[in-house]
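Participant: attaching a predicted model along with its sequence, questions to come.
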Amino acid sequence: MNSLFKALSHPVRRRIIAMLRKGPLASGDIAAAFDMSWPTITGHLNALKEAGLVSPEREGQSIRYRLEISAVEEALAFLMDLSGTGAAKEEDRHD
């Protein structure tokens, strides 16, 4: 979970996540959206991959990245529990 929140702490990575919400994208298409070097973008994609937020799929000579919704849902559930609006709080209300 720590790597997930660390990955989300950078604005470029959050923007990549937002881009991938619309569907998988090739790494070149992701890089084209930023005014950064290719190694910098690759580093951001690797951080997202290590956190389980994206998964790469080779498609011909390019790599397409897909958002891993389950990791996003896990982070959201954690935050909802912290705020008292999650499933654990709902169970407490019914006891």
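Facilitator: Cool, got the structure. Numbering: from 1, shown residues only.
Participant: in this structure, which helix or strand is least confident?
Facilitator: Lowest on mean pLDDT, DSSP states H and E among the helices and strands of the chain sits helix 87-94, with a mean of 52.
Participant: ranges for the strands of the chain?
Facilitator: 25-26, 54-59, 62-67 (DSSP state E).
Participant: kindly present the ones you listed as CSV, with separate columns for mean neighbour count.
Facilitator: To be clear about C-beta, it is placed using only N, CA and C from the backbone, and glycine gets the same treatment. Shown next, in CSV, are the strands of the chain (neighbours: other Cβ atoms under 10 Å):
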stretch, mean neighbour count
strand 25-26, 18
strand 54-59, 14
strand 62-67, 17
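Participant: tell me which of those strands sits nearest to Arg13.
Facilitator: strand 54-59 (9.4 Å; Cβ to Cβ).
Participant: quick one: contacts of the closest one?
Facilitator: Here strand 54-59 makes contact (Cβ atoms under 8 Å, 6 or more residues apart in numbering) with 16-17, 20, 24, 26-27, 45, 48-49, 63-68.
Participant: relative to that strand, what are the paired strands and their orientations?
Facilitator: Here strand 54-59 is paired, per DSSP bridges, with strand 62-67 (antiparallel).
Participant: so how far is the strand it pairs with from its chain's centroid?
Facilitator: 12 Å (Cα atoms, centre = their mean, to the nearest Å).
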